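J.: can't give you the sequence, but here's the structure:
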């Protein structure tokens, strides 16, 4: 809680702490100091306001690249940042001779105190300079967003400059020699020799000689540079060609490696069946069953196999990795691995058409139409709703069960960090957009029989769009609200998620929360789409105060680091490191226990795998790069609510490759939603706020932990499903006759 008036509140609240705070100021080893040749980095001790109980506390502040970060100590700089504020657009305000405030518009406010007026002025000066540089850098980036220079263009420009330099060098050489000859002739003149005694003439001759020597050196250096540049241009060209050949070779090796992995996976499964002395698939009950009699199925591995380094997999078809497969786990035994499924689930969806959407044809067909009636074609979608895509966060839900079974909170945080990272695994290859849910649309996904949990999601708001998800298990509850803001920069689109994910362990009462990171979609207009993640996830247990931080490192073309890298640490309630985290958000995550730590040096045990991405389905690129779990999300189910996403006719038509009919149906559903919204707005104008839309299965409540308003499940849906009572459900879709007329 920030103070209303720092001076008066500080005197009123902290009289008893005055002596200790004075000691804190005395312990501040030095004032801020600049580092680096350009003085762009500034660091030092400051007192930061924490709350009315603790008052000001000493923190180590680092100002670098327009960001002001702070740590409890200098040793923390290697692994734990306590907070960061971006100075671009921030405001600085001095309160008195030692106190000053930094704010970025209300989201973050730092109330700081320097040890002296001189120290405060040094910090203010450094912060103002850093703020100015950050604002100029942001303006420069905005100006350069639409200007892209290719390597070929740069090489051509350099070659032209080199030719121009060569021409200038020839001219300097030619005129320089002529000038030297003219000076020599003047020196040899008999008349001039008689004037050599004149000081002015003598000085002129001296300077002429110096100029002759300098021009000769310049001509020689210019000639050497032209020769050197021409020589290295050939080397650069050869290096570019070698790099292109190397990229082609690496790509070919990657394809061969993937083929070998698939063949090895199939061989291992066949070998497992031979060892068990039974034909493939005999007596197996798995998650994914088929009506075909000649399908092969395999049992899940037991824990002894998992501990030996094999990935624990539930029954799957050949070359199909089931969605509950997780990495080798070192503790506990999953209660889900012994469950058997009583429902057959599909293994695949129809392949998507090979023809690609033509943007210009789509724009041509929009000519003459009303702007509000131009929908986004389904060609850019994948045949699932965003509610179903949100449910995909539970693909590795077995990690939540493992987290609930851990003996310590710190160990649980390693599994929760892994599942927070795993939710981004499919974004590396899936760039298509899911269908936007209609207001009131729902999606249930009951996997109690084989995974031990069931989930329910509802679109609770349309402006702004908000989706609510609730998942329940015998020993834990998982829920989240999801909304987002986006920023289009011409070349890329940034998506900033809004909302908090909650996880509660029923047996212990431990309550964990974490956030999501920024997603960036590159090459929106031209080129192949690719997705990157950046930011930091904070996983916190609110009962004990233990936490984990996971940093997503943004991709850089010039960096030698592993792409899509994530690093982090698990901290105990007192802030000491307990586990080191590392991995990549598209493949795996591991942790290592910290045996001892001294400053930035950590002595850790051997890393243990917490999560490994499931093997992709065979020819998954033909089915929108869906995983085994994603394939089952839109499987028809006659017992779900009338508002369930499985019943969306436009989504179903797209899955069946009826794209023209899907586009027409999508336009009809969106127009019907606009009609309902206009009617609701008219009703609100007549009857007041009581006529606003109210979600059917979620209610807004205040979180007792974070204090924010969240959407909580009312636990009424499953009772209504059992009795098949759907009176409260709105009419979102169409009956068979209406659907036939619309298509």
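T.: Perfect, I can see it now. This one's a predicted model, so the numbers in the text were calculated from it and none came from an experiment. Residues are numbered from 1 along each chain as shown.

J.: where in the chain is the helix or strand with the lowest mean pLDDT?
T.: Of the helices and strands making up the chain, the lowest-confidence element is helix 303-307, at a mean of 37, by mean pLDDT, DSSP states H and E.

J.: how about the secondary structure of the spatially most central residue of the chain?
T.: The chain has residue 533 as the residue nearest its centroid, 2.2 Å off, counting by Cα atoms, centre = their mean. Secondary structure state of residue 533, per DSSP: H, G, I helix; E, B strand; the rest coil, is strand.

J.: let me know the pLDDT of it.
T.: Predicted confidence (pLDDT) at residue 533: the value is 94.

J.: just to check, residue 443 is in contact with residue 386?
T.: No. Using Cβ atoms under 8 Å, residue 443 makes no contact with residue 386, being 9.3 Å away. All C-beta spots, glycine's among them, are computed from the backbone N, C-alpha and C.

J.: okay, strands next: where are they in the stretch 101-250 of the chain?
T.: Along the stretch 101-250 of the chain, counting by DSSP state E, counting those that start in this stretch, strands occupy 109-113.

J.: which residues in it form helices?
T.: Secondary structure of the stretch 101-250 of the chain (DSSP state H, counting those that start in this stretch): helices at 117-144, 151-188, 190-194, 199-275.

J.: lowest average pLDDT across those helices?
T.: Lowest mean pLDDT within the helices of the stretch 101-250 of the chain: helix 190-194, a mean of 61.

J.: quick revisit: what residues does the residue nearest to the centre of the chain make contact with?
T.: Residues in contact with residue 533, defined by Cβ atoms under 8 Å, 6 or more residues apart in numbering, are 424, 427, 517, 518, 519, 520, 552, 554, 564, 585.

J.: against residue 553, how distant is it?
T.: Distance check for residue 533 against residue 553: by Cβ to Cβ, to the nearest Å, it reads 9 Å.

J.: intersection of neighbour lists for those two?
T.: Contacts common to residue 533 and residue 553, judged by Cβ under 8 Å, 6+ apart, are residue 564.

J.: low-confidence ranges, the stretch 601-743 of the chain, go.
T.: Residues of the stretch 601-743 of the chain meeting the criterion pLDDT under 70: 735-743.

J.: and the helices in it, which stretches?
T.: Under the criterion DSSP H, counting those that start in this stretch, the stretch 601-743 of the chain contains helices at 628-633, 649-655, 659-687, 717-723, 736-742.

J.: same question for the stretch 301-450 of the chain.
T.: For the stretch 301-450 of the chain, the helices defined by DSSP H, counting those that start in this stretch occupy 303-307, 359-365, 386-391, 398-405, 409-422.

J.: just these: most buried one?
T.: Most buried of the helices of the stretch 301-450 of the chain, by mean neighbour count (mean count of other Cβ atoms under 10 Å): helix 409-422, with a mean of 27.

J.: check the offset of it from the chain's centre.
T.: 17 Å (Cα atoms, centre = their mean, to the nearest Å).

J.: same deal with stretch 519-536?
T.: Taking the mean of its C-alpha atoms, stretch 519-536 sits 10 Å from the chain's own mean (Cα atoms, centre = their mean).

J.: same deal with stretch 235-248?
T.: The chain centroid and the centroid of stretch 235-248 are separated by 32 Å, computed with Cα atoms, centre = their mean.

J.: for it, buried residues please.
T.: Buried residues in stretch 235-248, counted by 16 or more other Cβ atoms under 10 Å: none are found.

J.: quick one: end-to-end distance for stretch 649-669.
T.: This stretch, stretch 649-669, spans 9 Å end to end (Cα to Cα, to the nearest Å).

J.: ignore what I typed, I meant stretch 574-593.
T.: Its first and final residues considered, stretch 574-593 spans 16 Å by Cα to Cα.

J.: buried set for it?
T.: Taking 16+ other Cβ under 10 Å as the criterion, stretch 574-593 shows 577-586, 588-593 as buried.

J.: swap in stretch 645-662?
T.: Buried residues in stretch 645-662, defined by neighbour count with 16+ other Cβ under 10 Å: 645-655, 658-659, 661-662.

J.: quick one: which of the residues you listed is nearest to residue 178?
T.: Nearest to residue 178 among these, counting by Cβ to Cβ, is residue 659 at 76.2 Å.

J.: any idea how far residue 354 is from that closest one?
T.: 12 Å.

J.: got it, and residue 389?
T.: From residue 389 across to residue 354, the span is 24 Å (Cβ to Cβ).
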